[in-house]
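> Model the structure of this input:
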Amino acid sequence: MNIPWQILVASSDLESRRNLMQTLSRQGLDPIGVSNVSECEDVFVRERVGLVFCDRHLADGTYRDLLERVRAQAQKVRVVVTSKHPDWDEYLEAMRYGAFDVIASPCRPTDVEWMVIQAKRDDRNSTKELLTAPPEAPLRRAAVGGRP
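Okay, here's the model as predicted:
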């Protein structure tokens, strides 16, 4: 699958991280695996990350902490929260904090593939909006003494 950015898998659980990374690899992707929020920040500095699969809780924080770091990025990073027992309240909370989506963990391959497709679509739509947006009107000098 051809994507213009990296995919990050953030999970403190080695088995969960490995399973999710294998699922992405089977889709022809080469994800980066990390175990905590500070490692995510390190990757953000080195790579253009467009999608993060993040456990609800990490070794040094939660998905909320990651979302705060993401807001500071110049690039658009979509965060998919993975949760062992997602429910409607948890979904709404994550979305309010700025998550891209919430999926159950362990992640089903179809859910992971769907998130990648949705992220690619979102990226393409964002790019299209930038390319088709009308140019900003030139700034006009304020009239002084009734003259333009």
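
> helices or strands up against the longest helix anywhere in the chain?
Ordering each helix of the chain by length in residues (DSSP state H) puts helix 109-132 first. Contacts defined by 3 or more Cβ pairs under 8 Å, 6 or more residues apart in numbering; DSSP states H and E place helix 109-132 against helix 14-26, strand 49-55, strand 78-83, strand 101-104. C-beta: built from backbone N, CA, C; applies to glycine.

> what residues does it touch?
Residues from elsewhere that reach helix 109-132 (Cβ atoms under 8 Å, 6 or more residues apart in numbering): 1, 3-5, 7, 20, 23-24, 26-27, 29, 50-51, 53, 76, 78, 80, 100-101, 103-104.

> Now which of those would you call buried?
Buried members of the contacts of helix 109-132, counted by 16 or more other Cβ atoms under 10 Å: 5, 7, 20, 23-24, 29, 50-51, 53, 78, 80, 100-101, 103.

> tell me which of the residues you listed is nearest to residue 70?
Ranked by distance to residue 70 (Cβ to Cβ), the buried ones among the contacts of helix 109-132 are led by residue 78 at 8.7 Å.

> so the closest one makes contact with residue 67?
No: Residue 78 sits out of contact with residue 67 when judged by Cβ atoms under 8 Å, with a separation of 10.6 Å.

> before we move on, back to that, Throw the helices and strands packed on helix 109-132 into JSON lines and include distance to residue 118, thanks.
Formatted as JSON lines, the helices and strands packed on helix 109-132 follow (distance: least, Cβ to Cβ, whole Å):
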{"stretch": "helix 14-26", "distance to residue 118": "14"}
{"stretch": "strand 49-55", "distance to residue 118": "9"}
{"stretch": "strand 78-83", "distance to residue 118": "8"}
{"stretch": "strand 101-104", "distance to residue 118": "7"}
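
> and the longest helix of the chain with helix 14-26, angle?
Here the directions of helix 109-132 and helix 14-26 differ by 60 degrees (axes from the mean of the first three to the mean of the last three Cα atoms, to 10 degrees).

> pLDDT averaged over helix 109-132 - what is it?
The average of the pLDDT scores along helix 109-132 is 84.
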